[in-house]
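Colleague: how does the following fold in three dimensions:
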Amino acid sequence: MIGRITGILLETQPPWLVVDVAGIGYELEASMTTLVALPGLGEKVSLYTHLTVREDAHLLYGFAREQERALFRALIKVNGVGPKLALAILSGMDEDAFVRCVMDDDIKSLTRLPGVGKKTAERLIIEMRDRFPHWEHPDSTPTMAAGTAPTPGSARDPLADAEAALVSLGYKPTEASRMLSGLENEGSTEAIIKAALAKRMAG
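Modeller: Sure, this is the predicted structure:
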C-alpha cells in the first residue's frame, strides 16, 4: 500500500496531477479541495494517498490532509458510493461542511453535489452519522510545501480545462457551462473551478 508521496509537482490537469518521485512520475487523482491547495509547478509537494486496485488498473488518489483521506475512505464504504463520487463530494465541500450536512440532515446541500440524488443523500446521512463517533480526526494541518499557486501551461485554456474537470466530476456539460458563466477572469484552472463550485453550492 502506498500511503504517502513526496516529490516535485510536475503537472496539474484537474482532476489529475503528476508528482515526480526520484525520476518516476506518479499520476494521482485528487479532489478540487486538494488541487487548489497545491504549491506551484516545480515545487516540492507531499500528499497522503489511497491506492485502489482494479482488474484493469491501479488508481492512486492524493489528499492534502490526512483528515480528507479519512473521510474519502469512510465515504467509499457507503453503499453505492465509489471513488469518483467520493471525490466529487470532497470537491464540493470540505470535511467540516460535510459533517455539518450529515449532522443537520441537510439533504438539500448534499443534493447540489453531482451524482448525489435524494436517496443517496439520505443514505449518506444515515450511514455516515453512525461512523462519525468513531471517525478519527487527525491533525488538519495541510501537508503542502509552501509555494505559489500552480501555473497552467501557456498553451492551455483554463476555462476549457475547468469545464472538462467539472464534467469528469459528474456535472453535465450544460450545467458545467452554466456554473462557469462569468468566471472567465478568475485566473488559473483551479481558481475557476473553486469559484464555480462555490457558486453551485450557494444555489
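Colleague: how much space between the residue nearest the centre of the chain and Ser91?
Modeller: Among the residues of the chain, the one closest to the centroid is Ser31, at 1.0 Å (C-alpha atoms, centre = their mean). Applying C-beta to C-beta, to the nearest Å, the value for Ser31 to Ser91 is 4 Å. Placement of C-beta: from N, CA and C, glycine included.
Colleague: and Glu163, by the same measure?
Modeller: In terms of C-beta to C-beta, Glu163 sits 14 Å off from Ser91.
Colleague: what is in contact with Ser31 and Ser91 at once?
Modeller: Overlap of the contact sets of Ser31 and Ser91 (by C-beta atoms under 8 Å, 6 or more residues apart in numbering) consists of Pro15.
Colleague: now for the lowest-mean-pLDDT helix or strand in the chain, which elements pack on it?
Modeller: Using mean pLDDT, DSSP states H and E, the weakest-scoring helix or strand in the chain turns out to be helix 189-201, at a mean of 78. Contact partners of helix 189-201 among helices and strands, from 3 or more C-beta pairs under 8 Å, 6 or more residues apart in numbering; DSSP states H and E: helix 32-35, helix 83-92, helix 158-169, helix 173-180.
Colleague: rebuild those as TSV, extending it with mean pLDDT and mean neighbour count.
Modeller: Putting these into TSV (pLDDT from 0 to 100; neighbours: other C-beta atoms under 10 Å) gives the following:
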stretch	mean pLDDT	mean neighbour count
helix 32-35	88	24
helix 83-92	90	23
helix 158-169	81	20
helix 173-180	83	16
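Colleague: so which of those is nearest Gly62?
Modeller: helix 32-35 (6.2 Å; C-beta to C-beta).
Colleague: next one: that closest one to chain centre, how far?
Modeller: 5 Å (C-alpha atoms, centre = their mean, to the nearest Å).
Colleague: the helix or strand just after that helix - what's its average pLDDT?
Modeller: Remark: after helix 32-35, the chain's next helix or strand is strand 44-53, criterion DSSP states H and E. Averaged across strand 44-53, the pLDDT comes to 95.
Colleague: for stretch 111-126, same thing?
Modeller: pLDDT averaged over stretch 111-126 gives 90.
Colleague: need the contact partners of the helix or strand hosting Val19.
Modeller: Per DSSP H and E, Val19 falls inside strand 16-21. The contact list for strand 16-21 (C-beta under 8 Å, 6+ apart) reads 5-12, 25-30, 35, 38, 45, 47, 62.
Colleague: of the residues you listed, buried ones?
Modeller: The neighbour-count test (16 or more other C-beta atoms under 10 Å) marks 5, 7-9, 12, 26, 28-30, 35, 38, 45, 47, 62 as buried among those.
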